[in-house]
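Trainee: I would like to see how this sequence folds:
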Amino acid sequence: MAAVFRLARDRAWGPALPAAISWLFLFGYQWAFYFTYHGHLQTVFAYYSGVLGDGILIPAVNVATFVLLRQLAPGIPWKRLPIYLLLGFATATAAFLVQARLDLVNWSMPIAFRWSDIGQFHFFVMAGELTYLYLVLASAVNNWSQLRQDSVATKAFAVGWVGLALFAASLAADYAR
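Mentor: Numbers count the residues shown, from 1 in each chain. Prediction:
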């Protein structure tokens with residue numbers, strides 16, 4: 001987190017927007033839904049990946065990737081956005097199908113292959129997040145030499161990967177219990 005804030009201090013308000021949007025769409029809506037939920041299944045607060053991942057790590061990743069894209073702005077492959085959108089939806093679909101096949105039910109999927117309203121919303125948020133991350137990765141790969149010469153971009157890239165690794169660890173911890 002400290003590295004993300006150091007990266008963002010030059011233009012503090014720019015990265016604040018992706019952080020706020022990320023938190024709102026990745027965690028905030030689940031937090032709000034928690035207060036109206038009257039079911040018996042585990043909610044977002046029962047999962048490391050929900051609280052730490054959606055609430056802190058992924059918004060931090062999005063700040064780092066925003067900084068990275070800002071540094072690589074001329075080289076962003078916008079023409080390929082439909083491909084990344086397709087990849088985002090395909091990856092989200094695969095994740096939800098695996099969740100259903102493994103019968104990992106919670107308040108977003110109370111019965112395997114049946115998503116609640118919050119689960120359907122989470123699917124689209126996840127697809128959007130994955131689309132964004134595919135765009136960032138493609139931008140980094142396509143502009144690798146520029147990225148390596150730009151210390152801010154290099155740090156943002158590293159922070160993004162560390163955040164994703166920590167999110168993966170939180171997900172693994174959830175399913176190990």
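
Trainee: ok, which stretches of the protein are helices?
Mentor: 2-8, 13-23, 29-34, 48, 58-71, 81-101, 117-142, 144-149, 151-176 (DSSP state H).

Trainee: Residue 111 is nearest to which of the ones you listed?
Mentor: Distances from residue 111 to each of the helices of the chain were compared using CB to CB; the minimum, 8.8 Å, belongs to helix 81-101. C-beta: built from backbone N, CA, C; applies to glycine.

Trainee: who's in contact with that closest one?
Mentor: Contact partners of helix 81-101, identified using CB atoms under 8 Å, 6 or more residues apart in numbering, comprise 109, 112-113, 115, 119, 123, 126-135, 138.

Trainee: Okay, now the unreliable bits of this protein?
Mentor: 1-13 (pLDDT under 70).

Trainee: I'd like to know how many residues surround the spatially closest residue to residue 47 that is not a sequence neighbour.
Mentor: Sequence neighbours aside, residue 174 is the residue nearest to residue 47 in space, at 4.8 Å (criterion: CB to CB, 6 or more residues apart in numbering). Using other CB atoms under 10 Å, residue 174 is surrounded by 18 other residues.

Trainee: repeat for residue 108
Mentor: 24.

Trainee: That one: what's it in contact with?
Mentor: 115-116, 118-119, 122.

Trainee: Can you give the distance of stretch 133-148 from its chain's centre?
Mentor: 17 Å (CA atoms, centre = their mean, to the nearest Å).

Trainee: Kindly report the same for stretch 152-162.
Mentor: With CA atoms, centre = their mean as the basis, stretch 152-162 stands 15 Å off its chain's centre.

Trainee: Understood, closing this out.
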